[in-house]
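Colleague: need coordinates for the below:
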Amino acid sequence: MTTATAPTAAAAPPRARSARRMPLGSHLREARRRLLVAAIAVAAGVVAGWFLADGVLDVLRAPITALADSREASLNYDSVGGAFELRMRVALLTGVVLAAPAWLHQVFAFVLPGLTRRERRYSVGFTLAALPLFLAGCATGLAVFPHMVELLAGFAPDDDTSILQASDYVDFVLKLVVAVGVAFVLPVFVVLLNLAGVLPAARLRAGWRWIVLAIVLFSALATPAADVVSMLLLAVPMTGLFAAAAVIAHLHDRALARRAAI
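Modeller: The predicted structure follows:
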């Protein structure tokens with residue numbers, strides 16, 4: 001007589017094991033599919049950004065217009081196609097911002113299959129948390145850059161003329177805005193790594209000084225070294241976001257410890 005053996009508690013469901021043991025080829029195909037979806041979303045955002053480029057340029061040009069009230073200042077194009085290239089650049093980065101819901105979701109959806117079924121449900125929650133943080137970071141960058149332009153241009157003597165290359169100026173501003181937006185999303189990835197068991201809360205507590213130092217260094221690189229106000233406008237909210245991520249990680253690890261003790 002044969003007896004059926006009950007599955008052990010340690011045995012993982014076949015579906016979970018297959019998700020965790022996905023071959024490299026499957027990972028590459030999954031990455032290619034999600035990159036394609038994200039690229040399509042960005043392309044659609046670029047088309048919308050082309051029509052919004054004039055409004056974006058008006059916002060970016062505002063500090064130069066204000067600067068022109070006290071000195072000679074203007075944006076200049078160094079080639080016949082400079083205006084077209086600038087518009088395409090603005091449309092591209094505007095498209096990245098507009099397509100943020102799509103590509104953020106694709107990033108999280110690619111990472112989360114390595115987690116349990118319950119944790120995979122957090123994909124939408126991560127996207128909903130990351131999107132406002134990304135937009136808040138972009139808004140912070142937009143709020144900071146006029147002060148930076150005024151400060152940097154103020155070093156020129158009053159008798160001099162500030163002639164700015166439009167492409168260099170817009171690159172500086174847009175890269176700052178996108179970089180700050182991405183930096184604001186990093187705490188969400190910290191929580192994601194904690195849920196995956198890669199980054200325990202104890203490690204965050206042990207390395208909090210290095211985290212704060214990295215935030216300060218990033219803020220100093222993203223803003224002029226002499227502009228302490230702009231640096232603080234970036235460093236303070238980023239530090240607060242990482243502190244909130246550390247608290248969430250601590251609560252998650254404590255809940256896991258309690259379940260393991262039962």
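
Colleague: gap between L193 and G181?
Modeller: Per Cβ to Cβ, to the nearest Å, L193 is found 20 Å from G181. C-betas here are computed from N, CA, C, even on glycine.

Colleague: so A41 makes contact with L104?
Modeller: No: proximity of A41 to L104 does not meet the contact threshold set by Cβ atoms under 8 Å, at 10.0 Å.

Colleague: helices of the stretch 151-262 of the chain, start to end?
Modeller: Per DSSP state H, counting those that start in this stretch, the stretch 151-262 of the chain carries helices over the ranges 166-195, 201-206, 208-222, 228-261.

Colleague: for A48, which of the ones you listed is the nearest?
Modeller: helix 166-195 (15.9 Å; Cβ to Cβ).

Colleague: now do that closest one: which elements does it pack against?
Modeller: Counting contacts by 3 or more Cβ pairs under 8 Å, 6 or more residues apart in numbering; DSSP states H and E, helix 166-195 packs against helix 24-67, strand 73-76, helix 82-98, helix 100-111, helix 122-153, helix 201-206, helix 208-222, helix 228-261.

Colleague: off-centre distance for that helix?
Modeller: How far helix 166-195 lies from its chain's middle: 4 Å, per Cα atoms, centre = their mean, to the nearest Å.

Colleague: buried set for it?
Modeller: 166-167, 169-170, 172-174, 176-181, 183-195 (16 or more other Cβ atoms under 10 Å).

Colleague: also stretch 251-262?
Modeller: D253.

Colleague: run through who's touching that stretch.
Modeller: V191, N194, L195, P200, A201, A202 (Cβ atoms under 8 Å, 6 or more residues apart in numbering).

Colleague: alpha carbons of it, as CSV, please.
Modeller: Extracted in CSV, the C-alpha atoms of stretch 251-262 (Å, rounded to 0.1, in the frame of the first residue of the first chain):
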residue,chain,number,x,y,z
LEU,A,251,8.7,48.1,10.0
HIS,A,252,8.8,45.5,7.3
ASP,A,253,11.8,43.6,8.8
ARG,A,254,10.2,43.7,12.3
ALA,A,255,7.0,42.2,10.9
LEU,A,256,9.0,39.4,9.2
ALA,A,257,10.8,38.8,12.5
ARG,A,258,7.5,38.5,14.4
ARG,A,259,6.1,36.1,11.8
ALA,A,260,9.2,34.0,12.0
ALA,A,261,9.0,33.8,15.8
ILE,A,262,5.5,32.4,15.8
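
Colleague: so, low pLDDT: which residues of the stretch 151-262 of the chain?
Modeller: Under the criterion pLDDT under 70, the flagged ranges of the stretch 151-262 of the chain are 152, 154-162, 223-227, 229-230.
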